[in-house]
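> next comes the sequence, and after it the predicted model I'd like to discuss.
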Amino acid sequence: MDQAEEREIVRRCREGDESAFAGLVDAYKDLVFAMATRLTGSRDQAEDLAQEAFLRVHRGLPYFRGEARLGTWIYRIVANLATEPRFHRSTAASLDTGKQGGPADVASHDSSFGDLELKDRLEKAIARLPENYRLLIAGHYLKGVRYEDLAEAAGIPMGTVKTHLYRAKKMLRRMLESDLG
């Protein structure tokens, strides 16, 4: 979304156009949820954080001055919300298979256990990345958010997004290799 589109959608939202706000939510929902998931470590908490973030966006639009990009402002709202105690990162590791929502039966699913173990190692390595790298990894690789949208939301050039993603992948590779050795 370019700045002219942002100004227009903000204007329409301020005038009470709920379809404009629905469009705003649609434009930023993937990024907000990816950030919320990485910051909280829990799908339920991420959903709550994303809802709260969009509620604050809706309430705050009359006060949005447009000095920063809309995506940057939303990004800041999510990051600020994540610091609230109710959204702190869960330290419990999930052993759910995702198929039935229950614990993995490791005795009968050796390959599933290997997949879970790899997923757990990857999640722990991602959690050790600097926050800005975690958010980009979550947004791009786990949620499929485009470079352009990440750059817009973070308020950084697209080249910086690509550089940070490259460095984050390199750090992840080193972490995972050192965990094996």
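Right, received. Where do you want to start?
> what residue lies at the spatial centre of this protein?
residue 35 (1.7 Å; Cα atoms, centre = their mean).
> let's see the pLDDT reported for it.
pLDDT for residue 35: 83.
> next one: the one 4 residues further on
Residue 39 carries a pLDDT score of 80 in this model.
> can you confirm it is in a strand?
No: counting by DSSP: H, G, I helix; E, B strand; the rest coil, residue 39 is located in no strand; its state is helix.
> pretty sure it contacts residue 82?
Yes: here residue 39 lies in contact with residue 82, judged by Cβ atoms under 8 Å, at a distance of 3.9 Å. Any C-beta I mention is one placed from the backbone N, CA and C, and that applies to glycine too.
> could I get the average pLDDT for stretch 80-88?
79.
> wait, I meant stretch 58-75
Here stretch 58-75 scores 86 as its mean pLDDT.
> what is the three-state secondary structure of residue 16?
Looking at residue 16 with three-state DSSP, the answer is coil.
> helix or strand for the residue nearest to the centre of the chain, which one?
According to DSSP states H and E, residue 35 maps onto helix 18-40.
> which SSE is immediately downstream of that helix?
Per DSSP H and E, the first helix or strand lying C-terminal to helix 18-40 is helix 43-60.
> just the C-alphas of that following helix, formatted as CSV.
Once non-C-alpha atoms are left out, helix 43-60 reads as follows in CSV (Å, rounded to 0.1, in the frame of the first residue of the first chain):
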residue,chain,number,x,y,z
ARG,A,43,-1.5,-19.5,18.7
ASP,A,44,-4.2,-18.6,21.2
GLN,A,45,-2.2,-15.7,22.6
ALA,A,46,-1.3,-14.6,19.1
GLU,A,47,-5.0,-14.5,18.1
ASP,A,48,-5.8,-12.5,21.2
LEU,A,49,-2.9,-10.1,20.5
ALA,A,50,-3.9,-9.7,16.9
GLN,A,51,-7.5,-8.9,17.8
GLU,A,52,-6.4,-6.4,20.5
ALA,A,53,-3.9,-4.9,18.0
PHE,A,54,-6.7,-4.3,15.4
LEU,A,55,-9.0,-3.0,18.1
ARG,A,56,-6.3,-0.4,19.1
VAL,A,57,-5.7,0.4,15.4
HIS,A,58,-9.5,1.1,15.0
ARG,A,59,-9.6,3.2,18.2
GLY,A,60,-6.4,5.0,17.3
